[in-house]
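# this one's sequence-less:
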C-alpha cells in the first residue's frame with residue numbers, strides 16, 4: 001500500500017459557471033452547490049448558500065485540459081472483436097496528484113467526468129453542457145451521501161515515473177486493466193513488480209507496445225497476487241483503498257450502458273459489505289464468498305459509478 005492517504009473531497013469537482021446570480025434557480029433545481037465563478041461574483045454566490053470558488057478565465061486556461069472520458073473509436077481499427085478503447089483520466093491524477101485540471105465535456109458526460117474526479121480526489125473544474133446540470137447535481141449529491149473514510153491507496157505494482165509519454169502510456173494501460181500501481185521516484189522493494197521503463201528488465205522497445213507490455217506485467221505479478229480483479233467487463237475501471245480492517249472500492253463504468261451482475265474479487269477476508277450505487281442507492285452485494293484469502297461478490301447493478309465498502 002502506498003504511504004499516501006487518500007482524502008475524498010466532500011464536494012467533488014467544481015462546475016464552471018459564467019451566469020449571474022439571477023440564474024441561481026437552475027443550479028438550485030439541479031442540486032449543484034459547488035461552482036467556480038469570477039472573483040467578483042464569489043461573495044454574492046456564497047451569500048446565497050453556494051460553495052463558490054474564485055476562478056478567472058486565464059486561470060481556467062492554465063489548467064491541464066483533459067480528454068472527454070468514455071469509449072472512443074480507434075483510428076484505423078474497425079474489428080468488432082477488439083477490446084473497447086477506454087478514455088479515462090485516473091492515471092493522470094495518480095501521476096500528478098497535486099495537478100490542476102479542467103474538463104470541457106459534451107452533453108451526457110458530466111456525471112462520468114465528476115465520478116472519476118471524485119474517485120481520485122482530484123482538483124478539477126468542469127465546463128458542462130447546460131443539459132447536464134441535473135445529472136451533475138445528482139452525482140454530486142451522491143458524493144455527499146457517502147460515509148466519509150480516509151484510507152490508503154492499495155497498489156501491487158510500482159512504476160518509476162521518468163516523465164516521458166511512453167511511461168504515461170504504460171500507466172494508462174495498467175489502469176485500464178485494473179492492475180493497481182503506485183507512481184514512484186525510484187524502484188522500491190515494497191513491490192514484487194517495480195517497473196522502470198528503459199531498464200534491462202523493461203526495455204524501451206517492449207514498452208513501445210504498451211498492450212503487450214501490460215500483459216507481461218500481469219504475468220509477472222500473477223493473478224493470484226493481485227489485490228483486485230474485475231470480471232465480466234472491459235469498460236469498468238476500479239480504484240481500491242483500504243486498511244487492515246476495511247476497504248473501499250470505487251467502480252467507474254465508462255461504457256455508457258448499465259451493467260448487471262459485475263463480479264469482483266478483492267484480496268482479504270471481508271464478511272460484510274455495502275454497495276452505494278449512483279442513481280440507484282444502497283444495494284446488498286450478491287453471492288458474497290470468502291475463500292483462499294480473498295472475497296468475491298457481485299454488484300447487482302452499475303450505471304456510471306458505485307462505491308463498495310467492505311468490512
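Great, that's in hand. As the structure is a computational prediction, the values presented were derived from the model and not from experiment.

# how about residue 125, secondary structure?
When the structure is split into helix, strand and coil by DSSP: H, G, I helix; E, B strand; the rest coil, residue 125 lands in strand.

# that one: neighbour count?
The local packing of residue 125 (other CB atoms under 10 Å) involves 21 other residues. Using the backbone N, CA and C atoms, a C-beta is placed for each residue, glycine as well.

# show me the strands in the stretch 1-150 of the chain, by range?
Residue ranges of the strands in the stretch 1-150 of the chain, as given by DSSP state E, counting those that start in this stretch, are 5-7, 14-16, 34-37, 51-54, 64-65, 70-72, 85-87, 100-104, 123-127, 150-153.

# need the winner for burial among these.
With neighbours defined as mean count of other CB atoms under 10 Å, these peak in mean count at strand 34-37, which reaches a mean of 23.

# which residues touch that one?
Residues outside strand 34-37 that contact it (CB atoms under 8 Å, 6 or more residues apart in numbering): 11-18, 27, 45, 50-55, 60, 125, 140.

# so can I have CSV of the strands of the stretch 1-150 of the chain showing mean pLDDT and distance to residue 168?
As requested, those are arranged in CSV below (pLDDT from 0 to 100; distance: least, CB to CB, whole Å):
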stretch, mean pLDDT, distance to residue 168
strand 5-7, 35, 21
strand 14-16, 96, 25
strand 34-37, 96, 27
strand 51-54, 96, 29
strand 64-65, 98, 12
strand 70-72, 92, 17
strand 85-87, 92, 14
strand 100-104, 97, 15
strand 123-127, 97, 18
strand 150-153, 91, 18
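
# between those strands, which gets nearest to residue 162?
strand 64-65 (18.7 Å; CB to CB).

# enumerate every residue touching the most centrally placed residue in the chain.
When CA atoms, centre = their mean is applied to the chain, the residue found nearest the centroid is residue 116 (3.6 Å). With contacts taken as CB under 8 Å, 6+ apart, residue 116 has the following neighbours: 69, 88, 89, 90, 93, 122, 252.

# cool, thanks, talk later.
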